[in-house]
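Chemist: Sequence below, structure please.
(2 chains)
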Amino acid sequence: MPSLIDFRRRIRSVKNTQQITKAMKMVSAAKLRRAQERVIAARPYAQTMREMLANLTAAASSDDRAETSPWLAARESKRVDLIFLTSDTGLAGAFNSNLLKAAQKFAEEHAGKEITLTLVGRKGRDFFRKRNGKILSEHINVLNKPTYQDAAGIAKDVIRRYRDGETDGVYIINNDFKSVMSANLSVAQILPLQQSAASVESSSSDYIYEQSPLDMLEQLIPRLVEVSVFRAMLETVAAYQAARMTAMETASSNAKDVIETLTLHMNRVRQAAITKEIIEVVSGAAAAE
Amino acid sequence: MAELIQFQLVSPERMLVDERVSEVQIPAREGYIGVLPGHAPLLSELMDGGVLSYKAGSDERTLAVYGGFVEVQPGRVRVLADAAEFGSEIDTEKAKARLAAALRADGDDSGALLAEVARAQAALDAGGKR
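Modeler: Alright, predicted model coming up:
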């Protein structure tokens, strides 16, 4: 039977842990708010770009050179590039393990193709290093405060590979921020362009094009990859902070339960000790009579 | 009241301008374009570095814009900038240093070097203006 002092020690220790988890929760909540603001601030650009892209794709499809352009030409999908975003640190529940599962599923679905990885975040890198994945580049510690330059740097190699025909498709896997309680796993095909996006608007023929639509499209598509990476980074940060906040919330309430149980046990031990002492006094007195 | 255009300028990180304006000067790749209400629809790339200005009422504001695209639609102008900053936020001394560094810089990619010079020049031109 542990003594009173053992219980006191354990309760103190759990209380300390609880204070840390509570603090971590507060930090994540503050970071989450900032991350959310950035996700929202980045939306107008992505939206405008999608619309321009749709207009340009429609206009460029009538260009004779479209079929030979590396960006638009249809090609057989033999090799794919995957940009995979995880967090650098853990303590966020199932955040990363869900992503890793999705990446493995992706690999199974694309079995027989050569998958080249661009890894953002330490967890994903550690995972694929152990499994000997074919890694193009690794980016650690960029998710603290992602900038557009970071995203452009990450996308650069992938863009070049697609243009030069070293890869036939570009995909991004990441967690999108949906709500504080749940993250949305997103597996998105960036290149080749999805045709559905092209047929949205038809007013494009009325435009004056300063450059030929195809030339502009060839300028715009690399930016699309950059923007997609940037958006994925911002979403990952927001989703990660949300997951971490939830995990720390759970940890704090678990600690509270543990403290309650321990206190109950401690009181029992204390009660037993007191009872024992009283019995000793009473029986001592009775013997003296 | 004269007719106005809805002018939006967005960079990847945020929306910088969303206002009703009477006139916009845009640094398009082939040269500056002045957009007034009723302009024909147009799509163009932007210069690597250029100065954009717009008039909202009696207020005129200036930005340095570093590459991107512009789309003019009836009643609306949208600029998709790779990066942009307000003239009032530019540190002129830093811009001067940047231009000097860009002019001295050496490398194989002459296109990238020229673009950097254009960007630094634009920052310097727009710097200090409102």
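Chemist: The closest residue to chain B within the stretch 101-250 of chain A: what's it in contact with?
Modeler: Across the stretch 101-250 of chain A, the shortest distance to chain B (Cβ to the nearest Cβ) belongs to A:E210, at 3.4 Å. Where you see a C-beta, it was placed from the backbone N, CA and C, and this is true even at glycine. By Cβ atoms under 8 Å, 6 or more residues apart in numbering or on different chains, the residues touching A:E210 are B:28-30, B:42-45.
Chemist: Select from those residues the one having the most neighbours.
Modeler: With neighbours taken as other Cβ atoms under 10 Å in any protein chain shown, the top of these is B:L43, carrying 23 neighbours.
Chemist: Put the alpha carbons of the strand or helix carrying that one into CSV.
Modeler: Element membership of B:L43 [criterion: DSSP states H and E] is strand B:42-45. Extracted C-alpha coordinates of strand B:42-45, given in CSV (Å, rounded to 0.1, in the frame of the first residue of the first chain):
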residue,chain,number,x,y,z
LEU,B,42,-8.4,42.5,-71.2
LEU,B,43,-5.9,40.0,-69.9
SER,B,44,-2.2,40.6,-69.6
GLU,B,45,0.9,39.8,-67.7
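Chemist: close to chain A, is whatever helix or strand comes next after it?
Modeler: Sequence-wise, the next helix or strand downstream of strand B:42-45 (DSSP H and E) is strand B:50-56. No - figure legend: strand B:50-56 not in contact with chain A (Cβ under 8 Å from any Cβ of the partner chain); closest approach 13.6 Å.
Chemist: quick one on the thing from earlier: helices or strands up against the strand holding B:L43?
Modeler: helix A:4-60, strand A:208-209, helix A:213-288, strand B:23-28, strand B:68-73 (3 or more Cβ pairs under 8 Å, 6 or more residues apart in numbering or on different chains; DSSP states H and E).
Chemist: by contact count, what packs against the second one?
Modeler: Taking 3+ Cβ pairs under 8 Å, 6+ apart as the contact definition, the neighbouring helices and strands of strand A:208-209 are strand B:42-45.
Chemist: Then the third one?
Modeler: Taking 3+ Cβ pairs under 8 Å, 6+ apart as the contact definition, the neighbouring helices and strands of helix A:213-288 are helix A:4-60, strand A:79-85, helix A:95-109, helix A:148-163, strand A:169-177, strand A:183-191, strand B:42-45, strand B:68-73.
Chemist: still on that earlier bit, beta partners for the closest residue to the residue of the stretch 101-250 of chain A closest to chain B other than its chain neighbours?
Modeler: Using Cβ to Cβ, 6 or more residues apart in numbering or on different chains and skipping the chain neighbours, the partner closest in space to A:E210 is B:S44 (3.4 Å). Following DSSP bridges, B:S44 is listed with bridge partners B:V70.
Chemist: Which positions in stretch A:96-108 come out as buried?
Modeler: A:96, A:99-100, A:102-103, A:106-107 (16 or more other Cβ atoms under 10 Å in any protein chain shown).
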